[in-house]
Structures are given as C-alpha cells and as structure tokens.
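*Asks:* What follows is a predicted structure for the sequence shown.
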Amino acid sequence: MNQLPKDFVIETVEMHTGGEPVRIVLNLIDMIQGEDILAKRRMMSEQFDHIRRLLMHEPRGHYDMYGAVLVKPSLPTADLAVLFTHNEGYSTMCGHAVIALARFAVDTGRVAAVAPLTRVGIECPCGLVEAFVEIKDGKTGTVQFESVPAFAFALDLPVTVPGVGEVTVDIGYGGAFYAVVEAEKLGVSLDGRLRDLVEAASALTEAVRNTIAVRHPLADDLSFLYGSILTDGRNTFAAGTSRNVCVFADAEVDRSPTGSGVTARMAIRYAKGQVARGESCEFESLTGALFASKVANPAHLPGHIAVTVNVAGRAYYSGKASWSLEPDDLIGQGFLLH
C-alpha cells in the first residue's frame, strides 16, 4: 500500500445530484498512472485503495458516500477523466456524477463556456461519455449526457429469490449492469421502509449472480452485475413518470434516479418495444429528483442490439473540503457501521 506524502492534504469539491453525493477529488492526478482508464482504476484499487476508504468511509464519509477521482485523460477527445468510488470499491459508470462533473468542468474553466450548450468529454472506465451543459444568462444549468452503447442483456429471466420464489427480471447495461424488476414482485413497495427495499434488492442481486454471469462483449473489467433497480412497474412512455430506487455495490442506495440505471432501463424498454427512439421519458428517485431520458441513436456492439441514451438532470454544489490524516489515527483511516 502506497502512503500519502507526509502532511498531504486531499482537496475536494462537494456536489450532489438529486441528493446523491459527488465528492470530486482534485489533487491525486499526478499519483495515479496507467496507459488507459482501466489501468488507472487497477492502480488505484491495488495501490491507493486506502484513499478511497479515507474519503468514502466514516468519519469523513458514510455508508452511502460516492466519489469521483480526477485522473489524466488518455483519450484525445476527453476534457477530463475520472474514477468512480463508493463503499465497496470502484464502478464503471455513474450518470449522476457525470452530470455534476460536467457542470464543475465549465464552472471552473476547465472547459470554456459556449452558449447555449457546452460539450464536455468525460473519460469514464466504461468509455467516453459526452455531456452538454446548458448555458443561460452566463450560468450553468441542466446537464445532459449521451451514454456509451447500452443494451438489454437478458429479458424476462426467471430467477429464484430466497423467501420470495421465482420472479422474472430484466438485465440491462447502461455503463454498468443492473437487474431490473417491479418492487411489488419482491413483496415490497417504494413507499415502504428503505431497509425493506435494500434487503429485497440485495437478495435479488445475489440471486441473479447465482443464476447468470453477465458479460460485456468488449471488456472483462465491465462484466459484473453492479446492482438492482426496483421500479413502480411503469415501463412505457405513455405510462408517465416512473419511480425507482437503485441499490448497488455493498447495499448502497442511490438518492438520484441513477443515470446509468436510467440508461439501462431505456435500453430494456427499447428492446421490448415499449419506447420509440426520441420519445422523452421521465424517472423519479425516492428524493423526488427527476431525470429526463430518451433513446438517442443506434450503436454498434458485437452480439447486441445497442443504442445510446440521453439522460438529463441538475447538480448543485455543497461546498469544498480539505482532508487529512494524523499518523496515529487508526480509526480515522476509515470504518463503516451498518
């Protein structure tokens, strides 16, 4: 494990999208090396994971904290590159963080503002994601991004969930893989206790992992089930706004509608003929936050009918922070109570 230089202070900008935190780590760029973004992610996981624990876990974070570590881009069209962190490790895509990062890039001058929309290329572990920041009266507003190629991996898959029985679920990829099912199929309600939703979604994730192995056709590093999304059962454009909750990583709960999850849901809807290209759909989280989404363009991905998906939302600043660790503070290295 590499140690931080003596008296090193980690600088962050704190944001949230729909209530879901985004802790943007500013000054580790020169430490994390690699020929591409996946190599950088492996390096951080193998050599600097203590920094993830320091910032995501208590006492500086909490069980549902989320982070975005800026690294040097390796793609020529990327304005910035990022590693996503959470309570368990590292994710491949994060829509709520992309929305925050795009606004941050324009507000800090990393990308020059151009009205009415400013393009920001963000290199993520899943690939390049293009975001577009609304510029109105000189201020940044709504951010939309176009996803990497998304697809339905499995439709109406029978899965046996302990304590529930057999349910049929869909599995979609929107930068990460998710199992998607109506909450009521698992005997829970989106208006019920959060603990019940977390337990049901976690049980579903485990059951799906025991049933099928997901695979991305281009990268083994992307081939894992990230979590489960429980929905209100509204799956068409005509049905109106659909509520959902995403439980990912180690039973972490997304406060936003989940950008990569919305992308996966739209890819599933498209594969089932429930939504047409260009139809605008709306998704709501448990906090009442809204993401708008539409299927944008066909995409090429070996072995799959893939599309890109547009997702739009708002991000806000919470503050700035400087984080340090005293040499004899063992508890301060990071812990979780749950």
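*Replies:* Perfect, I can see it now.

*Asks:* Now do the SS call for the residue nearest to residue 338 when sequence neighbours are not counted.
*Replies:* Distances taken as Cβ to Cβ, 6 or more residues apart in numbering place residue 63 nearest to residue 338, at 5.2 Å, with adjacent residues excluded. To be clear about C-beta, it is placed using only N, CA and C from the backbone, and glycine gets the same treatment. Secondary structure state of residue 63, per DSSP: H, G, I helix; E, B strand; the rest coil, is coil.

*Asks:* Show the contacting residues for residue 63.
*Replies:* The contact partners of residue 63, taken as Cβ atoms under 8 Å, 6 or more residues apart in numbering, are 87, 252, 336, 337, 338.

*Asks:* cool, and residue 254?
*Replies:* Contacts of residue 254 were listed using Cβ under 8 Å, 6+ apart, and they are 20, 96, 245, 246, 247, 248, 261, 285.

*Asks:* Was I right to think residue 12 contacts residue 317?
*Replies:* No. Using Cβ atoms under 8 Å, residue 12 is not in contact with residue 317, being 11.7 Å away.

*Asks:* Who has more neighbours out of those two?
*Replies:* Comparing residue 12 with residue 317 by other Cβ atoms under 10 Å, the one with more neighbours is residue 12, at 21 against 14.

*Asks:* Show the subsequent helix or strand relative to the strand or helix carrying the more buried one.
*Replies:* Residue 12 belongs to strand 10-17 when assigned by DSSP states H and E. As assigned by DSSP H and E, the chain's next helix or strand after strand 10-17 is strand 20-25.

*Asks:* Buried residues, the helix or strand following that next one. List them.
*Replies:* Downstream of strand 20-25, the next assigned helix or strand under DSSP H and E is helix 37-47. By neighbour count with 16 or more other Cβ atoms under 10 Å, helix 37-47 contains the buried residues 37, 38, 40, 41, 43, 44.

*Asks:* can you list these in CSV and add pLDDT and distance to residue 114?
*Replies:* Shown next, in CSV, are these (pLDDT from 0 to 100; distance: Cβ to Cβ, whole Å):
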residue, pLDDT, distance to residue 114
37, 95, 26
38, 93, 31
40, 96, 29
41, 95, 31
43, 96, 34
44, 97, 32
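
*Asks:* just these now: which is nearest residue 161?
*Replies:* Nearest to residue 161 out of the buried residues of helix 37-47 is residue 41 (Cβ to Cβ; 31.1 Å).

*Asks:* Am I right that that closest one is in contact with residue 90?
*Replies:* Yes. With contacts counted by Cβ under 8 Å, residue 41 reaches residue 90, the gap being 5.5 Å.

*Asks:* Tell me the residues that contact both of these two, please.
*Replies:* 83, 125.

*Asks:* Where does the record place the domain boundaries for this structure?
*Replies:* Following the TED database, one finds the domains of the chain at 10-137+317-333, 148-312.

*Asks:* on contacts alone, who are the packing partners of whichever strand or helix holds residue 202?
*Replies:* Residue 202 belongs to helix 194-211 when elements are defined using DSSP H and E. Where contact means 3 or more Cβ pairs under 8 Å, 6 or more residues apart in numbering; DSSP states H and E, helix 194-211 is packed against strand 151-161, strand 165-173, strand 177-182, strand 225-231, strand 242-248, strand 252-253.

*Asks:* let's go with 7 Å and repeat that
*Replies:* strand 151-161, strand 165-173, strand 177-182, strand 225-231, strand 242-248 (3 or more Cβ pairs under 7 Å, 6 or more residues apart in numbering; DSSP states H and E).

*Asks:* Give me the contact list for that helix.
*Replies:* With contacts defined as Cβ atoms under 7 Å, 6 or more residues apart in numbering, helix 194-211 is touched by 159-162, 169, 171, 179, 181, 183, 186, 188, 225, 227-228, 230, 245, 247, 251, 253.
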